[in-house]
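*Asks:* structure, please.
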Amino acid sequence: MSVFGIANAQGDYEAFLFSQADYWGTARFMGAGGAFGVTGGDFSALSTNPASIGLYKRHEVSFTPMALNFIYTDSYYYDNKNSTQKFKYTVPQVGIVLAKGIRQENGWKNWQFGFGYNRIMDFNNSYRLNAQVHNTLMNTVVDHVNGINYNNLSGDGRLAWNNWLIDTIPGMTDQYYSCFSDKDIDQRATVVRSGSIDEMIFSFGGNFNDKLYFGATLGFPFLSFKETTTYTETPAMEDNISGINDYTLQSEQRNSGTGVNLKLGVIYQPVDFVRVGVAFHTPTYYWRVKDNFYRSLVAHYSSGKTNEDLYENYNTFTLTTPLKFNLGASFIIAKRAFVSAEYEFQDYGMATLYDDRYDYVKENEATRDKYGIAHNIRVGGEINITQGFALRAGYRLKTSPYKLTKAPYNNTSHFISAGLGFRGRILFGDLSYVLRLNKDSYWLYDATGEAGQLATMSHSVIATIGCKF
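*Replies:* Next comes the predicted model:
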């Protein structure tokens, strides 16, 4: 759920957006639905349950040089449908695990150390909305600036004032109206997103008597995000309104920053064919996230004149994301197959913004009011058809975190995956396919009006190569 509306710098939506994790990684991890936290033996699982490193008994290097993402989004705004598509190539994982045997009689079998990175979140998407409506963004601008003297207007209020899209009510200096109000307006909006969260990790673990496995992962996520929005209003009936043919409002937001977190995990294997595990993720602490915001307004007049005005904001802020709990179980079948399931809990209402120069009280209250608990379920399995050839399948469900929205599309995601792999004594290679289905809502003004509905379907092909030694 997101709102174009009045431009603000970082707020509750950014706190929610940058707290998310979809967990990309190796083709084996993706093909089995990401359900490797308890099964272990895969580098990407170090970002879900670090105790999975305890299952390693040999050194391993893995590299995922290819993730091809084909993203298709259908948008619905009133009775209009638009379709967009986007292609993105990424490298979502590279890592090394070193495993050393311990010849002691006290029960310790191995210790392990891992280093590399996994892609945690991918923001790439694009969509369009358009319709003819009896409403205007300027109504939201008027509501926002009422009570402010016209000499003190800033941001979108100043842009609208300078381009004659709003004016003071005669005889008043701080109450406004818009010539676009109560008119039929053709509205068009295009949104293009890019960026990711890539996490560099340092993991350490151990194996006690092939029964108890433990691990810890120190993570350093790197945030990069860009969103460009182009919004246009054109009078639907008249040639112009008060001499204005149309106006276009364009925004560009860029965020970048680095964080730190700690993940702790334990896996217990009471019998040879059953493993159970639990993991705890501390909040990620992002310090000095850079926030660059640019906004421009271009108005075209019936006189043939064009006017452009703009403003920029630059800021930094601190973000603390919610903590996470992870539970899982894995069943090993005749040493030839496994079936695994995991559950992850996260309360997005706990995300908190902070800065020495601004307290973010309203934004943090809005986060607690709008966002709540989301449940992430991962189920997957693998079967070895021959000694070196395996087939995999998986499913992930990411439930909606929204508390208040009554929109039919509420940001629930489904991931359906399949894959295959070859494993020799030294070399291995894996290939997987992931279908992601997501439905979300987008408001052009605020969350009380008509929402655009976004149905996104992405096809991803991931390939991994590696070696054991």
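*Asks:* surely Gly54 touches Gly205?
*Replies:* Yes. Judged on Cβ atoms under 8 Å, Gly54 makes contact with Gly205 at a distance of 4.3 Å. For every residue, glycine as well, the C-beta is placed using N, CA and C.
*Asks:* list the residues that contact both of those two?
*Replies:* Common neighbours of Gly54 and Gly205 are listed as Gln112, Tyr213, Phe214, Gly215 (criterion: Cβ atoms under 8 Å, 6 or more residues apart in numbering).
*Asks:* separation between the second one and Gln187?
*Replies:* In other words, Tyr213. Separation of Tyr213 from Gln187 (Cβ to Cβ, to the nearest Å): 56 Å.
*Asks:* same question, the last one
*Replies:* The gap separating Gly215 from Gln187 is 52 Å, by Cβ to Cβ.
*Asks:* I'd say Asp184 and Met237 touch.
*Replies:* Yes. Applying Cβ under 8 Å as the test, Asp184 and Met237 come out as touching, 5.3 Å apart.
*Asks:* between those two, which is the more surrounded one?
*Replies:* Regarding Asp184 and Met237, a neighbour count based on other Cβ atoms under 10 Å identifies Asp184 as having more, with 13 against 10.
*Asks:* thinking again about what came up before, Gly215 and Gln187: which is more packed in?
*Replies:* Neighbour count, other Cβ under 10 Å: between Gly215 and Gln187, Gly215 has more, with 28 against 22.
*Asks:* isn't that one right up against Leu46?
*Replies:* Yes. Counting by Cβ under 8 Å, Gly215 sits close enough to Leu46 to count as a contact (7.2 Å).
*Asks:* between those two, what contacts are shared?
*Replies:* Listed contacts common to Gly215 and Leu46 are Ser52, Ile53, Ser203; contacts here mean Cβ under 8 Å, 6+ apart.
*Asks:* so what pairs up with the closest residue to the second one other than its chain neighbours in the strands?
*Replies:* If you skip the residues right next to it in sequence, Ile53 has Gly205 as its closest partner in space, 3.7 Å away by Cβ to Cβ, 6 or more residues apart in numbering. Under DSSP bridges, the beta-bridge partners of Gly205 are Gln112, Gly215.
*Asks:* now the element after the lengthiest strand in the chain, going C-ward?
*Replies:* With DSSP state E applied, the strand covering the greatest number of residues in the chain is identified as strand 244-271. Scanning the chain past strand 244-271 towards its C-terminal end, the next helix or strand to appear is strand 274-281 (assignment: DSSP states H and E).
*Asks:* listing partners with orientation, what would you give for that following strand?
*Replies:* Paired strands of strand 274-281, defined by DSSP bridges, are strand 244-271 (antiparallel), strand 324-333 (antiparallel).
*Asks:* as CSV, the ones you listed with distance to Lys290 would be great.
*Replies:* As requested, the strands paired with strand 274-281 are exported to CSV (distance: least, Cβ to Cβ, whole Å):
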stretch, distance to Lys290
strand 244-271, 5
strand 324-333, 25
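*Asks:* can you redo those as CSV with mean pLDDT?
*Replies:* Rendered in CSV, the data for those read as follows (pLDDT from 0 to 100):
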stretch, mean pLDDT
strand 244-271, 95
strand 324-333, 94
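*Asks:* for Gly147, find the nearest of these.
*Replies:* Judged by Cβ to Cβ, the one of the strands paired with strand 274-281 that comes nearest to Gly147 is strand 244-271, at 22.4 Å.
*Asks:* so the residue located most distally from the centre of the chain: helix, strand or coil?
*Replies:* Distance from the C-alpha centroid of the chain, by Cα atoms, centre = their mean, peaks at Gly171 (48.3 Å). At Gly171, secondary structure determined by DSSP: H, G, I helix; E, B strand; the rest coil is coil.
*Asks:* and for Asn364?
*Replies:* Applying three-state DSSP to Asn364 yields a three-state assignment of helix.
*Asks:* could you find the closest non-adjacent residue to it?
*Replies:* Thr352 is the one closest to Asn364 (Cβ to Cβ, 6+ apart), at 5.6 Å.
*Asks:* where does Asp167 sit, in terms of helix or strand?
*Replies:* Asp167 is part of strand 166-168 when elements are defined by DSSP H and E.
*Asks:* now do the helix or strand that comes right after that strand: everything it contacts.
*Replies:* The element immediately downstream of strand 166-168 (helix or strand, assigned by DSSP H and E) is strand 176-178. Strand 176-178 has contacts (Cβ under 8 Å, 6+ apart) with 136, 138-139, 141-142, 145-146, 160, 165-169.
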